[in-house]
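Asks: Please find the sequence and the predicted model below.
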Amino acid sequence: MSTEKCFANGSAAPGPVPKGHIRIYSMRFCPFAQRTRLVLNAKGIKHDTININLKDKPDWFIEKNPLGLVPTLETPAGEVIYESPITCEYLDEVYPEKKLLPSSAFGKAQQKMMLEHFSKVVPYFYKISTGRNNGDDVSGLEAELKQKFAKLNEDLVNKKTKFFGGDSITMIDYMMWPFFERLDIFELKHCLDNVPELKTWTECMSEDPTVKATRHSVDTYRGFYKTYIEGKPNYDYGL
Ligand SMILES: N[C@@H](CCC(=O)N[C@@H](CS)C(=O)NCC(=O)O)C(=O)O
């Protein structure tokens, strides 16, 4: 079963996950869920998608994931996996086609360290855009974000590679991408002005077929985001 419209409280629970499939509980505009959607798409994994109304979550969803967060995966055996990096690592381990994580323990550790660092960058995107919407002075936060971007840029320069894990896309690129895809919406595109290698990375990522398959148009993001900051997120925006 696959549907785009979100399931709210009171909606009938979906049936068991069909054999040979995996299910993702998602929200069309969630950057964390997009990480998992990128991995599902890149690896060509057969899956169905249940979008959740995060303002009015179905009880059956909370029963599966008590944290009530997307992304959440469910297998035909009823196993439930959540937290985006864990879902992505799980998919890479269980589905051997097109490995996204390096095979060596050190390679994997390196990607986890990069993700750990990047996790400290993620709050800036939200703090800056909410601050700006509240009329706060966000110039200090923007300067800090630019410093973080400069570090990422330096990383690419030192590695002399197009992507963060080498000359082709690996897991770490997909973990970071959803936030860069939203730079326009967060009005933070100018933060890429003095980081040429990082900017080129965003351009290369934009050309990736998997990225193209999981992204929304800037207009759709903008439309959703407006409803989000007004406190009435329309998870079905654009459908
Ligand atoms: N640490 C989690 C964060 C996921 C997350 O925050 N998802 C948001 C949507 S973008 C969510 O499910 N929010 C629902 C809520 O907070 O109740 C992950 O990496 O998967």
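Replies: Sure thing, it's come through.

Asks: List the buried residues for the longest helix along the chain?
Replies: Longest helix of the chain, by residue count under DSSP state H: helix 139-159. Buried residues in helix 139-159, counted by 16 or more other CB atoms under 10 Å: Leu141, Glu142, Leu145, Lys146, Lys148, Phe149, Leu152, Asn153, Leu156. The C-beta positions use only the backbone N, C-alpha and C, and glycine is treated the same way.

Asks: How about the contacts made by the fourth one?
Replies: The contact partners of Lys146, taken as CB atoms under 8 Å, 6 or more residues apart in numbering, are Cys191, Asn194, Val195.

Asks: repeat that with 7 Å
Replies: By CB atoms under 7 Å, 6 or more residues apart in numbering, Lys146 lies in contact with Cys191.

Asks: any idea how far the ligand is from it?
Replies: Look at Lys146 and the ligand: by CB to the nearest ligand atom, to the nearest Å, they are 24 Å apart.

Asks: how much space between that residue and Arg132?
Replies: 15 Å (CB to CB, to the nearest Å).

Asks: same thing with the first one?
Replies: From Leu141 over to Arg132 the distance is 9 Å, taken as CB to CB.

Asks: who's in contact with Leu192?
Replies: Neighbouring residues of Leu192 by CB under 7 Å, 6+ apart: Phe149, Leu198, Lys199, Thr202.

Asks: need the residues you listed in TSV with distance to the ligand, can you?
Replies: As requested, the contacts of Leu192 are exported to TSV (distance: CB to the nearest ligand atom, whole Å):
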residue	distance to the ligand
Phe149	21
Leu198	22
Lys199	25
Thr202	21
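
Asks: are any of the residues you listed buried, and which?
Replies: Buried by 16+ other CB under 10 Å: Phe149, Leu198, Lys199, Thr202, out of the contacts of Leu192.

Asks: Can you check the pLDDT for Glu230?
Replies: Predicted confidence (pLDDT) at Glu230: the value is 89.

Asks: do Ser2 as well
Replies: So, for Ser2, pLDDT stands at 51.

Asks: In the protein, mark out all the helices, start to finish.
Replies: 31-42, 59-64, 84-94, 105-119, 122-133, 139-159, 171-181, 196-206, 209-214, 218-229.

Asks: CA-only coordinates of stretch 174-189, as PDB, when you get a sec.
Replies: Presented in PDB, the C-alpha positions along stretch 174-189 are these (Å, rounded to 0.1, in the frame of the first residue of the first chain):
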ATOM      1  CA  TYR A 174      22.700  11.600   1.900                       C
ATOM      2  CA  MET A 175      22.600  12.200   5.700                       C
ATOM      3  CA  MET A 176      23.600  15.900   5.200                       C
ATOM      4  CA  TRP A 177      21.800  16.700   1.900                       C
ATOM      5  CA  PRO A 178      18.200  17.300   3.100                       C
ATOM      6  CA  PHE A 179      19.300  20.300   5.100                       C
ATOM      7  CA  PHE A 180      21.200  21.800   2.200                       C
ATOM      8  CA  GLU A 181      18.200  21.200  -0.100                       C
ATOM      9  CA  ARG A 182      16.200  23.500   2.200                       C
ATOM     10  CA  LEU A 183      18.800  26.400   2.200                       C
ATOM     11  CA  ASP A 184      16.500  28.400  -0.100                       C
ATOM     12  CA  ILE A 185      13.500  28.000   2.100                       C
ATOM     13  CA  PHE A 186      15.500  28.800   5.200                       C
ATOM     14  CA  GLU A 187      16.800  31.900   3.300                       C
ATOM     15  CA  LEU A 188      20.400  30.800   3.900                       C
ATOM     16  CA  LYS A 189      21.700  30.300   0.400                       C
END
